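Asks: coords please:
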Amino acid sequence: MKIVFLKPRSSIRENLSSDSLWGLICWGIRTVYSEKKLVDFIKHYEGSGDVLKLSSAFFVIFGEKNKRQLLFPKPVMPQFELKKYLADKPAKDKLLAMTRLKNIKKQKFVTLDILNKFITGEFDELDYFSYFDKQGSTVPVVKLKRTEMTHNTINRLTNTTAENSLYTKDEIFLPENTGLFFLLDGPAEMQDMVFAALRYLEHVGFMGDAGIGKGSFKIEIDDFDFPDVENPDSFLSLSLYHPAKDEVTFYSSVPQRCSYNLVSRKGKISSAHLGQSDFWKKSILLFAEGSVFPLMNKKNYGYNPIVKNASGPVDFNVHHFGTAFNISMRIKKT
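Replies: You can find the predicted model right below:
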């Protein structure tokens, strides 16, 4: 498994989910290699063998190498009974605990050490709350900086600015010593293609407005791994996840073992790579990062559904990345 650090050199988009990352990498593979290489890369996901898995991008607070703070999505877990937790506490402590609970519920991210406690079965939701209730502290919060910038509209035919062409747009910046990271795993040959695509994106930029210097990152790649989990019974998804039919059937039979949030996605085909007026892709519903599901007897979870048939010089199907970046997990027994 590899971890990819993105150190910002410009303003950024507010989020960089696994599906957006995969789309960027696919266009990078097509540019660096060929369309055939891209088609072969996508076809890997139609079988049952090893595939390239990507997490979404999350915040990292940089320090010395062994002091970097990685912020992961907090696992979605069953709620505990607050009344039992507060039962033997004096009134003053109950009030303080209720106040802390409100703050803890707002926390969408956890540090790596807390995540490891969840996936190894040391923590459940009650342990998580108790931990912060006793410490009186919270997970570091990354506050994005928003600055209103003035831009000109340029007439591309005359290469001049028109009268009354000024407009404002919010620019989003990460705080100093803060960046993004994501995880990837899969066959070495597929990883090599992704690394080449990432080096290309390092030069041309990620996401929108790359042509005017936005979404520029310096990339660093390192090894990464999670602790071994004894007797895992579940998995945590660190990416957006679109379940396959057999997975939906299984989860429906054990709903009490599924904890998740949903997110709706509707994207556009990249205008930089495909010129057509009908650019909207079909809306799709996915499980959000941090969702937890019971294990099945399989290596890969999710699939990449077709969300549009794009026309152009060559017709092709547009896939939406829905493969889970699944991390083995053991749910604490209560």
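Asks: distance between the ends of stretch 53-62?
Replies: Chord length of stretch 53-62, first to last residue, is 24 Å (CA to CA, to the nearest Å).
Asks: If you count neighbours, what's buried in it?
Replies: 53-61 (16 or more other CB atoms under 10 Å). Using the backbone N, CA and C atoms, a C-beta is placed for each residue, glycine as well.
Asks: So which of those is the closest to residue 200?
Replies: residue 54 (16.3 Å; CB to CB).
Asks: From residue 119, how far off is that closest one?
Replies: Plainly put, residue 54 is 19 Å away from residue 119 if you go by CB to CB, to the nearest Å.
Asks: returning to that earlier point: including distance to residue 126, secondary structure and pLDDT, could the buried residues of stretch 53-62 go into TSV?
Replies: Formatted as TSV, the buried residues of stretch 53-62 follow (distance: CB to CB, whole Å; DSSP: H, G, I helix; E, B strand; the rest coil; pLDDT from 0 to 100):
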residue	distance to residue 126	secondary structure	pLDDT
53	31	strand	96
54	32	strand	96
55	27	coil	97
56	27	coil	96
57	30	coil	94
58	25	strand	95
59	26	strand	93
60	28	strand	93
61	27	strand	92
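Asks: Next, count neighbours for residue 107.
Replies: Around residue 107 there are 15 other residues, counting by other CB atoms under 10 Å.
Asks: er, residue 133 I mean
Replies: 17.
Asks: Which of the helices or strands spans it?
Replies: Under the criterion of DSSP states H and E, residue 133 resides in helix 125-135.
Asks: so what does that helix touch, helix or strand wise?
Replies: Secondary-structure packing of helix 125-135 (3 or more CB pairs under 8 Å, 6 or more residues apart in numbering; DSSP states H and E): helix 82-86, helix 91-105, helix 112-119.
Asks: Can you list the low-confidence ranges for the stretch 151-300 of the chain?
Replies: Within the stretch 151-300 of the chain, the ranges that satisfy pLDDT under 70 run 151-170, 207-215, 267-280.
Asks: Show me where it has its strands.
Replies: Using DSSP state E, counting those that start in this stretch, the strands of the stretch 151-300 of the chain run over 160-173, 178-185, 217-223, 234-237, 262-265, 284-287, 292-294.
Asks: Which among these is found nearest to residue 87?
Replies: With CB to CB as the criterion, residue 87 lies closest to strand 292-294 of the strands of the stretch 151-300 of the chain, at 27.6 Å.
Asks: What average pLDDT does the helix holding residue 133 get?
Replies: Helix 125-135 carries an average pLDDT of 82.
Asks: Pull out the CA atoms of it and give them to me as PDB.
Replies: Output in PDB follows, covering the C-alpha atoms of helix 125-135 (Å, rounded to 0.1, in the frame of the first residue of the first chain):
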ATOM      1  CA  GLU A 125     -18.700   4.600  19.800                       C
ATOM      2  CA  LEU A 126     -18.900   4.600  23.700                       C
ATOM      3  CA  ASP A 127     -15.100   4.200  24.000                       C
ATOM      4  CA  TYR A 128     -14.600   7.000  21.500                       C
ATOM      5  CA  PHE A 129     -16.800   9.300  23.500                       C
ATOM      6  CA  SER A 130     -15.300   8.300  26.900                       C
ATOM      7  CA  TYR A 131     -11.800   8.900  25.600                       C
ATOM      8  CA  PHE A 132     -12.500  12.500  24.600                       C
ATOM      9  CA  ASP A 133     -14.800  13.100  27.600                       C
ATOM     10  CA  LYS A 134     -11.900  12.200  30.000                       C
ATOM     11  CA  GLN A 135      -9.300  14.100  28.000                       C
END
